[in-house]
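Colleague: Sequence and predicted model, in that order:
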Amino acid sequence: MKNKITLVLVFLLIFVLSCAEKHEAVKKFEDVVKTLQTGDVERASREKELKIEPETVEVYSEAYKKMTYKINRSSVQDNEVIINVTMKTPDFNGLVGEYVEKLSPLSVQMEGKSPEEKKAEEVKLMKELVKARLSSPDLKYLERTFDVTYKKSGDDWIIDQSSSKDYIEMITFGMLKVN
């Protein structure tokens with residue numbers, strides 16, 4: 001009888017711990033990634049943690065929809081939260097070079113156009129390249145497990161970019177390697 005009560009208490013404790021409230025930094029991380037996955041251009045450009053230009057979110061929105069993640073665990077130590085994540089994103093390594101290669105011949109055609117018109121043409125070109133890469137049967141994915149670190153800054157939790165380089169590389173689809 002004692003063993004049954006102990007077993008029930010252990011299961012109850014596990015249940016209570018698994019239902020525990022998520023830390024504010026973990027919620028913030030999830031909110032940022034979900035904002036990217038939904039392609040919410042307005043919210044992503046307003047989100048102070050992302051600081052992403054609306055055109056950039058628009059260009060990569062379909063790629064962000066293919067991004068997946070799983071939080072493996074998180075730990076809190078004083079004013080620091082470490083979130084261990086496994087993330088999978090499309091691999092766009094080499095896309096910038098391809099973009100520059102295709103943009104060079106267009107520069108002559110864009111002479112005399114306003115900066116807004118030039119930017120619209122550049123966004124259109126990048127969207128076409130992203131769409132082509134995503135629809136390719138040879139599309140490769142990056143998949144990594146890494147830590148994302150948030151630090152307390154006043155009343156807010158801010159991502160520590162210097163110790164979250166893998167995260168930055170993953171949300172830029174391998175195009176931005178941070179050393």
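Modeller: Yep, that arrived. Numbering: from 1, shown residues only.
Colleague: Now do Lys151 against Asn84, distance only.
Modeller: Lys151 sits at a distance of 16 Å from Asn84 (criterion: CB to CB, to the nearest Å). No exception for glycine: its C-beta is placed from N, CA and C like everyone else's.
Colleague: typo on my end, it should be Val100
Modeller: Distance of Val100 to Asn84, given as CB to CB: 36 Å.
Colleague: and if you look at Asp155?
Modeller: 25 Å.
Colleague: The two: which is more packed in?
Modeller: More crowded of Asp155 and Asn84, by other CB atoms under 10 Å: Asn84, with 14 against 6.
Colleague: Ramachandran angles for the more buried one?
Modeller: When quoted as degrees, to the nearest 10, the phi and psi of Asn84 stand at phi -90, psi 120.
Colleague: give me the beta-bridge partners of it?
Modeller: Per DSSP bridges, the residues bridged to Asn84 are Arg73, Asp147.
Colleague: got it, and the one 5 residues further on?
Modeller: On DSSP bridges, the residues paired with Thr89 through beta bridges are Leu142.
Colleague: what residues are up against it?
Modeller: 63, 66-67, 141-142, 170-171, 173-174 (CB atoms under 8 Å, 6 or more residues apart in numbering).
Colleague: For Ser163, state which of those residues is nearest.
Modeller: Set against Ser163, the nearest of the contacts of Thr89 by CB to CB is Met170 (14.4 Å).
Colleague: Near the closest one, how many residues? Count them for me, please.
Modeller: Using other CB under 10 Å: Met170 sits among 23 other residues.
Colleague: And the strands in the chain?
Modeller: 68-77, 80-90, 141-153, 156-159 (DSSP state E).
Colleague: Distance to Lys124 for the ones you listed - can I get that in JSON lines?
Modeller: Listed next are the strands of the chain as JSON lines, based on distance: least, CB to CB, whole Å:
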{"stretch": "strand 68-77", "distance to Lys124": "28"}
{"stretch": "strand 80-90", "distance to Lys124": "20"}
{"stretch": "strand 141-153", "distance to Lys124": "26"}
{"stretch": "strand 156-159", "distance to Lys124": "31"}
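Colleague: closest to Gly39 out of those?
Modeller: That would be strand 80-90 among those, by CB to CB, at 14.0 Å.
Colleague: Only the buried residues of that closest one, if you could.
Modeller: Residues of strand 80-90 classed as buried by neighbour count (16 or more other CB atoms under 10 Å): 81-83, 85, 87, 89-90.
Colleague: Measure how that strand sits relative to strand 141-153, angle-wise.
Modeller: Using axes from the mean of the first three to the mean of the last three CA atoms, to 10 degrees, the direction of strand 80-90 lies 160 degrees away from that of strand 141-153.
Colleague: No more questions from me, cheers.
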